[in-house]
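Colleague: the sequence and its predicted three-dimensional model are supplied below.
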Amino acid sequence: MIINKQLNWSYNLKEKNKTKIFRIFWSVIFLLKAIKIGLFGILKEQIGSAVVYNGENCTICNWANSEKPTLCGKNGYYKERADRKDIKNILSIKEIKNRFYYMFNWYVSCWLDIDVDKKIYKKVIK
């Protein structure tokens, strides 16, 4: 899907075949970078990560990885500036998948297209 998007972009720009090949090459390279960033994201809390705070299941709704994140829970539970020492991470398959896709999608949606274009048009950008 990501490479197909790059090919469509190349077609719309009426790029030559050599440029299309470079675009595909750099798309694959930066797709691998997105996977690496996603794997790194597994190690860190993300917004939406499941945690236990004082015995209650919550999700981090703001300030992930800070000293005092904001937590949201069921039945309207909301806690600002929760102490980090009272928070325990829940590491399940669903949580690991959530953390991976959060960072992967962030890179793919925000930076992949920009990075590919910087590699292809580096003479123009300078």
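Modeller: All right, it came through fine. What you are looking at is a predicted structure, and each value in this text was computed from that prediction instead of being measured. Numbers count the residues shown, from 1 in each chain.
Colleague: now whichever helix in the chain runs longest: buried residues?
Modeller: Under DSSP state H, the helix in the chain containing the largest number of residues is helix 17-41. By neighbour count with 16 or more other C-beta atoms under 10 Å, helix 17-41 contains the buried residues 20, 22-23, 26-27, 30-31, 34, 37-38, 41. C-beta coordinates here come from the backbone N, C-alpha and C atoms, glycine included.
Colleague: pipe the residues you listed into CSV and attach distance to residue 112 and pLDDT per row.
Modeller: Listed next are the buried residues of helix 17-41 as CSV, based on distance: C-beta to C-beta, whole Å; pLDDT from 0 to 100:
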residue, distance to residue 112, pLDDT
20, 17, 87
22, 15, 87
23, 12, 87
26, 9, 91
27, 7, 90
30, 5, 93
31, 7, 93
34, 6, 94
37, 10, 95
38, 12, 94
41, 15, 90
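Colleague: quick one: low-confidence parts of the chain?
Modeller: For the chain, applying pLDDT under 70 flags the ranges 123-126.
Colleague: which stretches of it form helices?
Modeller: Ranges of helices in the chain, per DSSP H, are 2-12, 17-41, 93-110, 112-120, 122-125.
Colleague: mind listing residues that contact the fourth one?
Modeller: By C-beta atoms under 8 Å, 6 or more residues apart in numbering, the surrounding residues in contact with helix 112-120 are 2, 5-6, 9, 19, 22-23, 26-27, 30-31, 33-34, 125.
Colleague: done for today, thanks.
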